[in-house]
Structure formats: structure tokens, C-alpha cells
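Chemist: Fold the stuff below for me.
(chains A and B, ligands or ions: 2)
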Amino acid sequence: MLRDITIGQYYPEESFIHKLDPRVKLLGAFLFVVSVFIYDNLLGFAIMTFFLGLCIVTCKVPLKFMVKGLRAILFILILTGVINLFLTPGTSVFSWRFINITKQGIYNTVYMIIRLTYLVLGSSIMTLTTTPTRLTDGMETGLRFLKFFKFPVHEVAMMMSIALRFIPILIEEADKIMKAQMARGADFETGGLIKKAKNMVPLLVPLFVSAWRRAGDLAMAMEARCYNGGEGRTRMKPLKYQKCDYIAYLILFIYLGAMIATRIIFKADTLFGMYS
Amino acid sequence: MGIIKAVKLCHEYIHRDEEGNVDNIETALDNVDLDISQGDFIAILGHNGSGKSTLAKHMNVILSPSEGTMYVDGKDTSDEDELWNIRQTAGMVFQNPDNQIIAGIVEEDVGFGPENIGVPTKEIWARVENALSKVHMEKYRHHSPNKLSGGQKQRVAIAGVIAMKPKVIVLDEPTAMLDPIGRREVIETIEELNKKEHVTVILITHYMEEIVNADKVFVMDHGKIVMQGTPREIFSKVDELKSYHLDVPQITLLAHKLREKGLNIPEGVLTKEELLERLCQLS
Ligand SMILES: Nc1ncnc2c1ncn2[C@@H]1O[C@H](COP(=O)(O)OP(=O)(O)O)[C@@H](O)[C@H]1O
Ligand SMILES: [Mg+2]
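Modeler: Ligands and ions are numbered 1, 2, ... in the order given. As a prediction, the model looks like this:
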């Protein structure tokens, strides 16, 4: 069941989006996330959905595979949904004992769920179509200016790429430990939230110990292969913009412009904008 | 002087208690003298905790001597200016295949070392190509390491070392976590590297079958080198090996038992074929 987590995985395919420079995709994902937060009317929502749909189709990753990634945040989705649904004050539409559902609550719930889903889908398009190394290279090159502010760009990028490489390994390991503990009678499925959390301890302790050991081994292996931070490193695959990258930038800025325009020109409508 | 030479090499691990006081000093290497010639296939044996890994880590300057000196290709490993040179000269392959692959794509991992030492892009590609063909993994260059078998992962790790053009490859129990097929893949790969490329190989292992082709075998116990010689010389001394908690290959043991029973078979028989021949000569 843990193997279902697809966030941060790479899905090999030959598509327009796969070929793009990682810097384009990073900026694209960033702008998309911004747009998810600024749209406030039906037209904006339509453009955003169209844009996301276009990316999903062109990146050739099966929709089923992406939706699987949503399962990982199902809990967060439900939680925010429930909180918004029951706790938003406003005009009551349904009320029974202590439960009071408001019009505003319904709007906000729909709005939050759309936002979160789009956020995850948008960012997973980036990770699914970019190898961890390319992603880190993109971050490192694209954010190089942050070095002026003493931000350790290379180190953070390296940490991220290693984390991405080890996520599937640790997930597989967690799966194995879980099965081993289940074979000895451990129970991960039943009970309330607190009991479930408690039952996770025999899973998390060995997992943590193993992750710790792996980190030590990996650090040693990197050192043995002359890793010495970002100074003086060359690149096997240096980043270079191609024609398709410029086209993608153009599309991105048109998209962003359109999203801003819809916000300025049309007035916010209640279902697709946060009710205030 | 050989490619790797240790003179009275000592290493102490200092254990400290919570307050940081020294409460126990463990001597992992105790006056080790060693001289290894360029191009040799060297095997190092020894039971757990005998100091093999500690010795290996000195060859790659992951550890520095507490006392004594270690020379790699004539350079003193305690000379900080030579650190990166030495690490490039003596590459290292570790036991756990998962914990030494850094990149998410095979070819990118092989390129990691050359990138670190500042090799120009074009040459990195050439080196990666060459290294992958040396370990017969060209077909998998675009794969994710997670989808490979253990033996294949170790071959990728070996390619990662070859891409740095080392003179020595030190392998610390590279087959300990592999199945028999993976083990054979890895051993065949390093034997080929040794023969064709004349890379000095230092193989640390628990599996006696893997070292019958070695040029020289060192046996370690309690941080000391207690035996050295050709595989035949070493395996002739079944009882001495037993005293260091080591076994001999099954064939050698069988020959030894037959000899004890009075058959006229020499000590140190290494292969099935050899034993068969000896047995045929008896009648
Ligand atoms: N990082 C360490 N800290 C403290 N003691 C260690 C460390 N690594 C190894 N030792 C000790 O040094 C001795 C030799 O270990 P090692 O070189 O790993 O042996 P081998 O590889 O032959 O099993 C052992 O007794 C071990 O407990
Ligand atoms: Mg060891």
C-alpha cells in the first residue's frame, strides 16, 4: 500500500515536456502554483484547467499514475475539507444539532479541494517528467543568484536529489518491515488514530535506524568518489536552452498573463473564488 | 615500492562516553606492513572485526593512520594536498549496493566521480561509455538503479570507480549481499578488469571460492596480518586457517580430509578439476 506514493518519482517517457529544460519546468510549476492561488472566477478556473489538462496530455504520463499520487494526500484533503465544511461561519443551509453547514462552507470546501488537487497534480507533472538529477541541476543553475545571499544552493539541491533517490528505497523497506512485523502479529490497520499512530512505532524505529546507517554509508561513498561540495565540479549534462524551451517560456507567460487578466477584468464569483 | 604500501600502520578507534572522556581505545590495525605491486589481484581474508574494512579505508584516505604511514602510488596519505589525487588513484566499492549509488540514472551515477574531479563534459561522456562497457552494463545506461539486480548495481558501482581511471580498486565485501549469480557477475567483472586493464584489485571477501585466482592472499586477525601467500600456500594450512575462524573452499577441504585418511593428495588443491586429476592419478 505504501508503494502507491508516486510524488517525486520519475516516469520515463519521450514527450515535449520531458525534453524541456528543468529550469523551464521549475518556473512553470512555480507559476502554476501562483495561478492556483490567484484565480477567482469561472473563466480563470477554466483556463487553469485547460492548461493543466494540456500538460497532462502532452507529458504522456498515464492519468491513472498521477491520480495515484493524490491518494497520498487523501487524508489532508479530507481533513481540510471537513474543517472548511463544518467550521466556516455564514448563511446556514443545513443544520442539525451541533452540525451547521453554511453556503460559504460548501464553497470554501470545493475551492480548497480544487486548489490542493491542482497543486499536487501541477507539481507532480514537474517531478514525473524530470529526473532527480536534472531537477537538482535546474534548481542549482536557476537559483544560483541566491548564493549572493549566502544560501547554500548546491548543498540543498544535492540533498533534494538524494532524498528523491532514496524515497522509493525507504518506501520499499518500510513495506518489508511492515510485512515482517505483521507476520509477528503487529496490527497496523485497526483502532483509532492514536492507537494506529502508536502501532507505527515498531515500523518507524527500524526504518529510522536503517536510514541513519544508509546516510553514513552514502556520505562515505560520496567522499570516496571525490565529492567535495559544489566547487570545481563540472557537469556531465550541462543545462542549455533549446528552441522548445523558449517556446515553453512564451506559453508560460501567456498563461500567466491570461490568469492575471481574468482576475483584473472579471469580478470574482463565489463558487470559484474564496468566499469572503 | 609497490602501488600500495603500509609501514607499521596502526589505527585506533577511540570510544568516548557521554561526557566525552575516552573510555575505551580499540586497536583496529596493529603494526600492519604491506606491499602490493601494481597489477596484482590481492585478496584479504579475516573474520568479522579483524580490521579489513579499516585497512581498506586507509587506502582511500577515509581514515588516517594513528601511527605509521600508508603510501598510495608513492604518496603519503597523511599529506592533505594529495587527498583528491589519492582518492582518484584508489577507488573504492562498498558492500551495500544501494548505499553507494548517488544518482537516479545509471549513466549519471557513473559520471558522478568524473564530475567531482572537474573532468570536461565531453570527456565525462567518453569515460562513462567506456566504463559501462567494461562492466557490460551499456544496455542499462538509462535505467534507474532501483530496478537493477544486486549484481548489476555492484557493476554500476564498479563502473563509477573505473570512470575515475584509478590504478587500484579496493572492494570491501562487494558480494556479501548478493545471490550466487550476482556474486559470479561481480567476480568475473573484476577478474576481467584485472587481466585486461591491469588494474590492481584488492578484494576483501568472506567467500573463499572467490579468491582461488588471486595472486596473493593476506589473512587478518585482530588487526594484524597473520598469513600471506598464494592461495595454494594459504589453503594448504587448513588448521591454521581454522584457528582464525576461517574456512577453506569446500574442494580444498575435501582434498584435505582425503589426505588425512591417507590418500596421496597434496595440500592446497583449489579446483574441482585439479582434485579430479589427482584422484585419477592415484589408481
Ligand atoms: N567507526 C568505528 N568506531 C569504532 N570502532 C570501530 C568502527 N569501525 C570498526 N570499529 C572496530 O574496529 C574493529 C575492526 O573493524 P573492521 O575494520 O570493520 O573489521 P572487518 O571489516 O574485518 O569486519 C572492530 O573491532 C570494530 O568494532
Ligand atoms: Mg568490514
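
Chemist: Spell out which parts of the stretch 51-200 of chain B neighbour chain A.
Modeler: Contact residues, the stretch 51-200 of chain B versus chain A (Cβ under 8 Å from any Cβ of the partner chain): B:60, B:62, B:84, B:87-88, B:91-92, B:94, B:96, B:98-105, B:107-108, B:111-121, B:124-125, B:128, B:142, B:144-146, B:160-161, B:164. All C-beta spots, glycine's among them, are computed from the backbone N, C-alpha and C.

Chemist: Distance of the closest residue to ligand 1 within chain A relative to A:Arg225?
Modeler: Nearest to ligand 1, among the residues of chain A, is A:Gly216, at 9.1 Å (Cβ to the nearest ligand atom). A:Gly216 sits 15 Å away from A:Arg225 when distances are taken as Cβ to Cβ, to the nearest Å.

Chemist: Show me which of these two is the more surrounded one.
Modeler: A:Arg225 (26 against 11; other Cβ atoms under 10 Å in any protein chain shown).

Chemist: List the residues that contact the more buried one.
Modeler: Counting by Cβ atoms under 8 Å, 6 or more residues apart in numbering or on different chains, A:Arg225 makes contact with B:Arg87, B:Gly91, B:Ile102, B:Phe112, B:Gly113, B:Asn116, B:Gly160, B:Val161, B:Met164.

Chemist: Give me the neighbour count for B:Glu273.
Modeler: So B:Glu273, with other Cβ under 10 Å, has 10 neighbours.

Chemist: Before we move on, what's the pLDDT of it?
Modeler: Per-residue confidence (pLDDT) for B:Glu273: 87.

Chemist: And for B:Ile190?
Modeler: 95.

Chemist: What strand or helix carries it?
Modeler: helix B:180-197 (DSSP states H and E).

Chemist: Going by residue numbers, what spans are helices in chain B?
Modeler: With DSSP state H as the criterion, chain B has helices at B:52-59, B:83-89, B:106-116, B:121-134, B:150-162, B:180-197, B:231-235, B:238-243, B:250-260, B:272-282.

Chemist: I'd like those as CSV, with distance to A:Asp187 appended.
Modeler: Listed next are the helices of chain B as CSV, based on distance: least, Cβ to Cβ, whole Å:
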stretch, distance to A:Asp187
helix B:52-59, 40
helix B:83-89, 49
helix B:106-116, 39
helix B:121-134, 47
helix B:150-162, 32
helix B:180-197, 36
helix B:231-235, 52
helix B:238-243, 47
helix B:250-260, 45
helix B:272-282, 52
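
Chemist: between the longest helix along chain A and helix B:106-116, how many degrees?
Modeler: When chain A is parsed with DSSP H, its longest helix is helix A:153-183. Helix A:153-183 and helix B:106-116 are oriented at 140 degrees to each other (axes from the mean of the first three to the mean of the last three Cα atoms, to 10 degrees).

Chemist: C-alpha coordinates for the next helix or strand along the chain from helix A:153-183, PDB please?
Modeler: Going down the chain from helix A:153-183, the next helix or strand is helix A:193-199, by DSSP H and E. Extracted C-alpha coordinates of helix A:193-199, given in PDB (Å, rounded to 0.1, in the frame of the first residue of the first chain):
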ATOM      1  CA  LEU A 193      -6.000   7.400  15.200                       C
ATOM      2  CA  ILE A 194      -3.900   7.300  18.400                       C
ATOM      3  CA  LYS A 195      -3.700   3.600  18.500                       C
ATOM      4  CA  LYS A 196      -2.700   3.500  14.900                       C
ATOM      5  CA  ALA A 197       0.000   6.100  15.500                       C
ATOM      6  CA  LYS A 198       1.300   4.100  18.400                       C
ATOM      7  CA  ASN A 199       1.400   0.900  16.300                       C
END
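
Chemist: I am finished for the moment; much appreciated.
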